[in-house]
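Visitor: I would like the atomic coordinates for the input below:
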Amino acid sequence: MDNRRTSLIFGMGCLLLALIVIVPLALGAALLRSGNLFPGVAQGPQAQPANPQSPLQAQPNPQQLPETGGSNLPLQAPDNLPELYQQVNPGVVSIGVSVSQGGQQDFGEGSGFVYDQNGYIVTNNHVVNGATSVVVSFYNGTEAQARVVGADPNGDLAIIQVDGLPEGVHPLPIGDSDQVLVGEEVVAIGNPFSLGSSMTAGIVSAVGRTIPSGFTEFSIPKAIQTDAAINPGNSGGPLVNMAGEVIGVNAQIQTTQGANGNIGIGFAIPSNLLKLVAPALIERGSYQWPWVGVSGIQASAEIAEANGAGGVRGAYIDEVVPGSPAERAGLQGSSGETQIDGIIVPSGGDIVTAIDGQPIDDFDDLLSVVAFRQPGDQITLTVLRSGEEMQVQVTLEPRP
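Guide: Coordinates of the predicted model:
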């Protein structure tokens, strides 16, 4: 995999939001290293921000998402923020974890929310990773021991479970993150700095962002960016729209080097990804991501010209992993470099311009399509090779 790149978030750090009381590295609450490799597809040089105006953004997912997480609850939009808080807060929890490391017991905190009446609770993988003990605190002060049912490091999601829910506690309905609009009002509720049941309000600043998972080389697609204040300890808590629906799982904040507080740029894992991952975590403890086996970047004007495709937009394939579905399908990566207008760019690789007939603008689009499919699915790529268009069929496989 090619790892020649700057940090995904424009050269600045991205902070996982579990609040670690003793040892910050115990749950990975540290600045992430540079680099960004995608689920099923890995980025090559010059990471690009996701394009909120991508033609894929308004398209429905090709896979029907399951109905999950309190979907049987009637939706009644509250009239104001206090009513929204009263409606949502009973479904939000604070999470305390113990981690045995180096002969000592370390402690951390995060957030979560009730997924269903069976006591399943959603949080982040980085909140409970390595935990030897998990304690859930509900809005009314009741505490309960919990067990980790399943975790997905690639999507930074985890499911824990308690034996029975206290009176008044209810699951939160899960919304459709593909319908989220920039400018939409949202709130975050959680346990920042051990201040449980805290709510902050803001708007959706952007959609379709790509963020690092924090624990693997792969990244998380279609993340929601918000200016609602989220801080260490908010990890795993819900990002909620004004209808009281969870549209994301708060996971990371943008931060400058050496800082660990909110500067108005936070990221939530999209609810539609949660709808795919959570049922698998409950059923078998893990989620199997699909895999293509390529690294690449956006086909810039210079890259397109160097590869006989001037004026074309799409995803440039820089490297094909040996033995991968991409190699078996005949996709080609870079074979050299070319100088265009004084800029040295890779050449010889394929440029993917559409997936199943749907045009794509960049590598993030390829990421999004692959991430929301399943191993065994077949996708048809429209590929430009040395200026010649062809159709390439790729059968997705489980990640190795």
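
Visitor: in the longest strand along the chain, which residues are buried?
Guide: Longest among the strand segments of the chain by residue count, using DSSP state E, is strand 198-212. Within strand 198-212, the residues scored as buried using 16 or more other C-beta atoms under 10 Å are 198-202, 204-212. Where you see a C-beta, it was placed from the backbone N, CA and C, and this is true even at glycine.

Visitor: quick one: residue 231 and residue 194 touch, right?
Guide: No - if you go by C-beta atoms under 8 Å, residue 231 and residue 194 don't touch, sitting 10.7 Å apart.

Visitor: more neighbours: these two, which one.
Guide: Neighbour totals were compared for residue 231 and residue 194, and residue 231 leads with 23 against 13 (other C-beta atoms under 10 Å).

Visitor: and for residue 274, the neighbour number?
Guide: Residues near residue 274, counting by other C-beta under 10 Å, number 27.

Visitor: can you check the one 5 residues further on too?
Guide: Here the number of neighbours of residue 279 (other C-beta under 10 Å) works out to 17.

Visitor: that one belongs to a strand?
Guide: No - counting by DSSP: H, G, I helix; E, B strand; the rest coil, one finds residue 279 to be helix, located in no strand.

Visitor: that one and residue 110, how far apart?
Guide: Separation of residue 279 from residue 110 (C-beta to C-beta, to the nearest Å): 22 Å.

Visitor: just residue 217 next, same as before
Guide: Using C-beta to C-beta, one obtains 23 Å as the distance from residue 217 to residue 110.

Visitor: neighbour count winner among the two?
Guide: Higher neighbour count among residue 217 and residue 110: residue 110, with 33 against 16, using other C-beta under 10 Å.

Visitor: thinking again about what came up before, list the strands paired with the longest strand of the chain, with their directions.
Guide: Sheet pairing for strand 198-212, assigned by DSSP bridges, gives strand 185-190 (antiparallel), strand 219-226 (antiparallel).

Visitor: any idea how far it is from the chain center?
Guide: Distance, stretch centre to chain centre, for strand 198-212: 12 Å (C-alpha atoms, centre = their mean, to the nearest Å).

Visitor: re earlier: okay, and the common contacts of residue 231 and residue 194?
Guide: Residues touching both residue 231 and residue 194 (C-beta atoms under 8 Å, 6 or more residues apart in numbering): none.

Visitor: just the buried positions in stretch 183-200, please.
Guide: In stretch 183-200, counting by 16+ other C-beta under 10 Å, buried: 186, 187, 188, 189, 190, 191, 192, 196, 197, 198, 199, 200.

Visitor: surely residue 85 forms part of a helix?
Guide: Yes - assessed by three-state DSSP, residue 85 belongs to a helix.

Visitor: got a list of contacts for stretch 386-393?
Guide: Stretch 386-393 is contacted from outside by 307-309, 329-331, 350, 353, 378-383, using C-beta under 8 Å, 6+ apart.

Visitor: of the strands paired with strand 198-212, which approaches residue 142 most closely?
Guide: Residue 142 lies closest, by C-beta to C-beta, to one member of these: strand 185-190, at 17.1 Å.
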